[in-house]
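In: Sequence unavailable; structure follows:
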């Protein structure tokens with residue numbers, strides 16, 4: 001619908017804010033020396049909407065011990081490449 005972009009932009013801002021906060025607690029993240037700068041860069045990226053959300057999720061996927069199915073990872077990569 002017409003408000004989908006607004007919702008996606010709001011989600012991007014929310015994800016950015018939350019994950020920037022989480023990078024302050026580096027001990028909770030896997031390989032923080034590498035993953036924290038990656039997460040921070042994604043959060044501060046000029047991208048917007050669903051593309052930014054996908055960038056953040058991809059960066060976060062390297063820092064947490066949650067196994068993300070390959071098809072979801074592929075979809076996230078496609079979102080960052082096609083917009």
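Out: Alright, I've got the coordinates. No experiment lies behind these values; they were computed from the predicted model shown.
In: which regions of the chain sit below the pLDDT cut-off?
Out: Across the chain, the ranges flagged by pLDDT under 70 are 82-83.
In: how about the helices in it?
Out: Shown for the chain, the helices assigned by DSSP state H span residues 4-22, 32-44, 49-61, 70-82.
In: Mean neighbour count, those: which tops it?
Out: Across the helices of the chain, averaging neighbours per residue (mean count of other CB atoms under 10 Å) puts helix 49-61 on top, at a mean of 21. From N, CA and C alone the C-beta is placed, and that goes for glycine too.
In: check contacts around the residue nearest the centre of the chain.
Out: The centroid of the chain falls nearest to residue 56 when counting by CA atoms, centre = their mean (1.1 Å). By CB atoms under 8 Å, 6 or more residues apart in numbering, the residues touching residue 56 are 12, 15, 16, 19, 39, 42, 43.
In: which residue sits closest to the second one, ignoring its sequence neighbours?
Out: The reference is to residue 15. Using CB to CB, 6 or more residues apart in numbering and skipping residues adjacent in sequence, the residue nearest residue 15 is residue 56, 4.9 Å away.
In: And for residue 47?
Out: The shortest distance from residue 47 to any non-neighbouring residue, by CB to CB, 6+ apart, is to residue 55 (5.9 Å).
In: I'm done for today, thanks for sticking with me.
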